[in-house]
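1. Sequence first, then the predicted structure:
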Amino acid sequence: MAITSVPTTAVSVDQNADDLALVARCRQGDPSAFEGIVRRYQRVLVTVAQRMLDDVDAANDATQNAFIKAYQSIGTYDSRRRFFSWLYRILVNECLDARRDVAQHEPLGAELAAAGTPADDFESAQRRRAVHAAIQRLPTEYRDVILLRHFTELSYEEIGETLGVSATMVKSRLHIARGRLAVNLKALARAKKIRPRVKDYRQSR
């Protein structure tokens, strides 16, 4: 079940009619059925992982781990749910865990923190750490929507499906999360006398 590098491209996934048949074969001990699942969903999962982790190797590792966990827990899958949503949630959890583990070291993209000039490298690093710290202070339900919205190109509907809530709830949580994040950043800035150049989340869509 080796994972190969996949270029970051926009993707869409349609639920295939035979997903449940493949799951049934997996439960009956047919390893080739799970290989079919890997072939079908590897590309999209690696793409999402790359968007969230911004690292090819880390994305491949997260996807590999997600497939392994899915295979090990295939017996717990509820066939009343869309199979891809279940698999996707496992992958997102892997990526969120990876981001939390390296949050204090990993630089943010331009959408979350503006890059400084070479003379501002030290201050820019402080800003990035401040943003990460502010994100980590958010409750899980708010932290996840921030990460999913700003580190992937998922729609509100796709985020809602991943988190098991409605698109309306995603928008509500995102609004609250941006407000709390702004408060956290101001508090950290006052404490450390850092002036973060951060996009105004309240105006972001």
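-> Yes, it's here.
2. Tell me where the longest helix sits in the protein.
-> helix 167-192 (DSSP state H).
3. For it, the averaged confidence score.
-> Confidence for helix 167-192, expressed as mean pLDDT, is 87.
4. Would you pull up how far that helix lies from the middle of the chain?
-> Counting by CA atoms, centre = their mean, to the nearest Å, helix 167-192 is centred 18 Å from the centre of its parent chain.
5. now swap in stretch 160-172 and tell me
-> Centre to centre, stretch against its chain (CA atoms, centre = their mean), the figure for stretch 160-172 is 14 Å.
6. Which positions within that stretch qualify as buried?
-> 160-163, 169-171 (16 or more other CB atoms under 10 Å). Every C-beta, even on glycine, is put in place using the N, C-alpha and C of the backbone.
7. TSV please, covering the residues you listed and showing distance to Ala133.
-> Output for the buried residues of stretch 160-172, formatted as TSV (distance: CB to CB, whole Å):
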residue	distance to Ala133
Gly160	27
Glu161	29
Thr162	25
Leu163	23
Met169	26
Val170	24
Lys171	25
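8. Name the helix or strand of the protein that has the lowest mean pLDDT.
-> helix 121-136 (a mean of 71; mean pLDDT, DSSP states H and E).
9. Extract the C-alpha set from the helix or strand following that one and format it as PDB.
-> Counting by DSSP states H and E, the next helix or strand C-terminal to helix 121-136 is helix 140-151. Output in PDB follows, covering the C-alpha atoms of helix 140-151 (Å, rounded to 0.1, in the frame of the first residue of the first chain):
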ATOM      1  CA  THR A 140     -11.200  22.300  18.900                       C
ATOM      2  CA  GLU A 141     -14.400  23.000  17.000                       C
ATOM      3  CA  TYR A 142     -13.100  26.500  16.200                       C
ATOM      4  CA  ARG A 143      -9.500  25.500  15.500                       C
ATOM      5  CA  ASP A 144     -10.600  22.800  13.100                       C
ATOM      6  CA  VAL A 145     -12.700  25.100  10.900                       C
ATOM      7  CA  ILE A 146      -9.900  27.700  10.800                       C
ATOM      8  CA  LEU A 147      -7.400  25.000   9.700                       C
ATOM      9  CA  LEU A 148      -9.700  23.500   7.200                       C
ATOM     10  CA  ARG A 149     -10.800  26.800   5.700                       C
ATOM     11  CA  HIS A 150      -7.300  28.400   5.500                       C
ATOM     12  CA  PHE A 151      -5.100  25.400   4.800                       C
END
